[in-house]
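*Asks:* Could you look at this predicted model? Sequence included:
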Amino acid sequence: ETGVTQTPRHLVMGMTNKKSLKCEQHLGHNAMYWYKQSAKKPLELMFVYSLEERVENNSVPSRFSPECPNSSHLFLHLHTLQPEDSALYLCASSQVGLSDTQYFGPGTRLTVL
Amino acid sequence: AQSVTQPDIHITVSEGASLELRCNYSYGATPYLFWYVQSPGQGLQLLLKYFSGDTLVQGIKGFEAEFKRSQSSFNLRKPSVHWSDAAEYFCAVGARQAGTALIFGKGTTLSVSS
């Protein structure tokens, strides 16, 4: 595997379910990001982890819970979501202190019924 | 306030014609500037970036962009568009600070006609 991978690519869940999105980067980076992409809206940053510590949390509802166990892996735990949470969730990574260019994964298309 | 404006929501060009996608930004300091492309159902692919130096930057797939500080613009250009260039294009601005978010524009959808 190369670059940034995300699983699953598609997820359909009910409002009472609990699920997790997984992101893995194979670039040796030390910062990882979750973005939300909704139709007709700019990409919105949700969380940033730099050197495995959360450094930014953009007023995201508590039904979204991130986890970064190491510099290569990032999870987004989901519970009791709402239909308006349906979106494409994109993971990105970058190397802190070295241009900080963000490289994106293919995304997980989430549908909440 | 920090923001990125892509004034064109949708552009259609003929295959072989030239292309220019506009991007204007508002930022408190000298930013990093990026263009990404997204094909349907895919993530974002980096086309090119500007950090410093030469204000005309070359990217992948024959794209280039020019940073104009006086106009707060970073327009994307391609001299001859191919049908495979049809996608959504995003301009983004970032701080010269590690681990911070990119601010994205709303994107421009490019259609290519034959």
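*Replies:* Arrived safely.
*Asks:* For the residue positioned nearest the centre of chain B, name its beta-bridge partners.
*Replies:* Central residue of chain B (C-alpha atoms, centre = their mean): residue B:35, 3.4 Å from the mean position. For residue B:35, the beta-bridge partners under DSSP bridges are residue B:48, residue B:91.
*Asks:* Would you check that it makes contact with residue B:78?
*Replies:* No: the pair residue B:35 / residue B:78 is not scored as a contact, 10.8 Å apart, by C-beta atoms under 8 Å. To be clear about C-beta, it is placed using only N, CA and C from the backbone, and glycine gets the same treatment.
*Asks:* Need the residues touching each of the two.
*Replies:* Residues touching both residue B:35 and residue B:78 (C-beta atoms under 8 Å, 6 or more residues apart in numbering or on different chains): residue B:63.
*Asks:* any idea of the pLDDT on residue B:4?
*Replies:* Looking at residue B:4, its pLDDT stands at 94.
*Asks:* Of all the residues in the lowest-mean-pLDDT helix or strand in chain B, which ones are buried?
*Replies:* For chain B, the helix or strand with the lowest mean confidence is strand B:102-104, at a mean of 89 (criterion: mean pLDDT, DSSP states H and E). Of all the residues in strand B:102-104, those buried under the rule 16 or more other C-beta atoms under 10 Å in any protein chain shown are B:102, B:103, B:104.
*Asks:* Closest one of these to residue B:90?
*Replies:* Of all those, residue B:104 has the smallest distance to residue B:90: 5.3 Å, by C-beta to C-beta.
*Asks:* Neighbouring strands of the helix or strand containing residue A:78 in the sheet, and parallel or not?
*Replies:* Assigned by DSSP states H and E, residue A:78 falls within strand A:73-79. Here strand A:73-79 has these sheet partners by DSSP bridges: strand A:18-25 (antiparallel), strand A:64-70 (antiparallel).
*Asks:* can you list those strands in TSV and add mean neighbour count and mean pLDDT?
*Replies:* Shown next, in TSV, are those (neighbours: other C-beta atoms under 10 Å in any protein chain shown; pLDDT from 0 to 100):
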stretch	mean neighbour count	mean pLDDT
strand A:18-25	19	96
strand A:64-70	15	94
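*Asks:* Any idea which of these gets closest to residue B:46?
*Replies:* strand A:18-25 (14.2 Å).
*Asks:* could I get the closest one in CSV with only the CA atoms?
*Replies:* These are the backbone C-alpha positions of strand A:18-25, laid out as CSV (Å, rounded to 0.1, in the frame of the first residue of the first chain):
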residue,chain,number,x,y,z
LYS,A,18,-21.7,2.5,16.3
LYS,A,19,-19.0,2.3,13.6
SER,A,20,-15.4,3.4,13.1
LEU,A,21,-13.6,4.8,10.1
LYS,A,22,-9.9,3.9,9.7
CYS,A,23,-7.1,5.8,8.0
GLU,A,24,-3.6,4.7,7.5
GLN,A,25,-0.7,6.6,6.0
